[in-house]
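1. sequence and predicted structure, then a few things I'm wondering about:
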Amino acid sequence: MECKNCLNQLTSNQKFCPECGGKVIVNRITFKTIFEEFLDKFFNIDNKFYQTFLILLKRPQEVISGYLEGKRVNYFNPVSYFAFALTLSGLYFYLIQKGFIDYGQLMDASAASYDNDMQKEMALKINSYIVEYSNAFAVLFIPLYVFFTKVLFSKYKNYNWAEHFIINIYLYSEAAIISTVVLLFSAFNKEIIVVINMLMFFFQLAYFTYSLRKIFGLSIKSMLLRILFFVLLIASFFLLILIVGIIIGILTHKG
């Protein structure tokens, strides 16, 4: 048998050519192989993806510690995993922008909590910006998460900044993939979209709590105290952004 790319002689059990690195193709092309090649080309999804997904859900410390210690053959690359999560969430928000998913009820529920029309208008604008630039916000918030976990958990394991980055993009991606899939299946029911969005927020918080506790080996009490502090820091940050947005909105409205 010879390689179809470089004509190098191969043995029958070789899957890749040692000369040019090309994959050995012996079967005829089918729609299944076309789909598999598409996934491999654009998302590099293989069995490692599903293995990483399942273990991150059940035993996140196994994936994190394994990857950081150099056991990377069995796990999906964290940056590729993050890119897949962004692609999936991007699809969800694209469907919202194009009107395939009715996001109006959630927008109205958010705006209804404000007293006057100007505040409601600002709330709707902020929500529309979040929908339009959701992936950009996700990328920008990862360094914030890295800073918080580095500050709150360095006492327990001496991970450097890059290692905290790996921890956070793995956990964020896992939570985002699950949340987006649930939202995609539930968003077409206008009656439950608000409830599902709230539940996904609490799911993500619970998943981060569970995972960080496993990764750093904390007691329940220690973990809850740090998560509470983490939530307060994140809430303060979002409150600051909201206040700045309202001030800019007021100044723009007056102008």
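-> Great, that's in hand. Numbers count the residues shown, from 1 in each chain.

2. doesn't Val146 lie inside a helix?
-> Yes. Per DSSP: H, G, I helix; E, B strand; the rest coil, Val146 lies within a helix segment.

3. hmm, Asn168 and it touching each other?
-> Yes. With contact defined as Cβ atoms under 8 Å, Val146 and Asn168 form a contacting pair (5.3 Å). For glycine as for every other residue, the C-beta is placed from the backbone atoms N, C-alpha and C.

4. and these two? Which one has more around it.
-> Neighbours per residue (other Cβ atoms under 10 Å) separate Val146 from Asn168, with Asn168 holding more: 24 against 19.

5. so what's that one closest to, chain neighbours aside?
-> Tyr145 (4.5 Å; Cβ to Cβ, 6 or more residues apart in numbering).

6. how close does the one you found get to Leu7?
-> Separation of Tyr145 from Leu7 (Cβ to Cβ, to the nearest Å) stands at 51 Å.

7. between those two, point out the one with more neighbours.
-> Remark: of Tyr145 and Leu7, Tyr145 carries more neighbours, 19 against 11, as counted by other Cβ under 10 Å.

8. which pLDDT does the model give that one?
-> Per-residue pLDDT puts Tyr145 at 87.

9. residues near the residue lying closest to Ser179 once chain neighbours are set aside, how many?
-> Excluding its sequence neighbours, the residue lying closest to Ser179 (Cβ to Cβ, 6+ apart) is Met200, at 4.3 Å. As a burial measure, Met200 scores 18 neighbours (other Cβ under 10 Å).

10. can you give me the pLDDT of Met200?
-> If you check Met200, the pLDDT there is 85.

11. what's the helix or strand for it?
-> Using DSSP states H and E, Met200 maps to helix 193-216.

12. so which bits of that helix are buried?
-> Residues of helix 193-216 classed as buried by neighbour count (16 or more other Cβ atoms under 10 Å): 193, 196-197, 200, 204, 207-209, 211-216.

13. low-confidence stretches in the stretch 101-250 of the chain?
-> 101-134, 188-191, 194, 238, 241-242, 244-250 (pLDDT under 70).

14. helices of that one, residue ranges please.
-> With DSSP state H, counting those that start in this stretch, the ranges of helices along the stretch 101-250 of the chain come out as 104-111, 117-132, 134-153, 161-186, 193-216, 220-254.
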